[in-house]
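Student: Build the 3D model from these lines:
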Amino acid sequence: NSGTAIGIRCKDGVVMGVEKLVVSKMLVEGSNRRIHNVDKHAGIAAAGLVADARQLVNRAREEARSYKNAYGSPIPGKILCGRG
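Tutor: Now for the predicted structure:
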């Protein structure tokens, strides 16, 4: 249901990209997002069903918010990946 998603790590940060497949001319531009912000320092590039990706993003945002409230600092990437 979607194109390829890729993330490339470089010394200055991370570059994420997705292939957008236009399935309908009636699709509102910008409504089919594949790259999402989780927190100021974390993001997700998704391939697959948009609804499934949205659920994962919402869960990751909850985990990041919970960690920040408990520890007072942004959640590290390794911990965010391990939660689920």
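Student: Report the distance from the helix or strand harbouring L80 to the chain centre.
Tutor: Per DSSP states H and E, L80 falls inside helix 77-82. Remark: helix 77-82 is offset 13 Å from the chain centroid, using Cα atoms, centre = their mean, to the nearest Å.
Student: Just the buried residues of that helix, please?
Tutor: By 16 or more other Cβ atoms under 10 Å, the buried positions in helix 77-82 come out as L80. (Glycine included, C-beta is placed from N, CA and C.)
Student: which residues make contact with it from outside it?
Tutor: The contact list for helix 77-82 (Cβ atoms under 8 Å, 6 or more residues apart in numbering) reads V38, A42, A60, E63, A64, Y67.
Student: What's the PyMOL syntax to select whichever of the residues you listed are buried?
Tutor: Buried residues within the contacts of helix 77-82, by 16+ other Cβ under 10 Å, are selected in PyMOL with:
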select buried, resi 38+42+60+63+64+67
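Student: which ones among the contacts of helix 77-82 are found in helices?
Tutor: The helices, defined by DSSP state H, take in A60, E63, A64, Y67 from the contacts of helix 77-82.
Student: Could you tell me which residues make contact with the closest residue to the last one other than its chain neighbours?
Tutor: Which is Y67. Leaving aside its sequence neighbours, Y67 sits nearest to I75 (Cβ to Cβ, 6 or more residues apart in numbering; 3.9 Å). Residues in contact with I75 (Cβ under 8 Å, 6+ apart) are D39, A42, E63, A64, Y67, K68.
Student: Does P74 belong to a helix, a strand or coil?
Tutor: Classification of P74 using DSSP: H, G, I helix; E, B strand; the rest coil returns coil.
Student: what number of residues lie near A70?
Tutor: Using other Cβ atoms under 10 Å, A70 has 9 neighbouring residues.
Student: The helix or strand in which it is found - contacts with which helices or strands?
Tutor: Per DSSP H and E, A70 falls inside helix 50-71. The helices and strands touching helix 50-71, judged by 3 or more Cβ pairs under 8 Å, 6 or more residues apart in numbering; DSSP states H and E, are strand 35-39, strand 42-45, helix 77-82.
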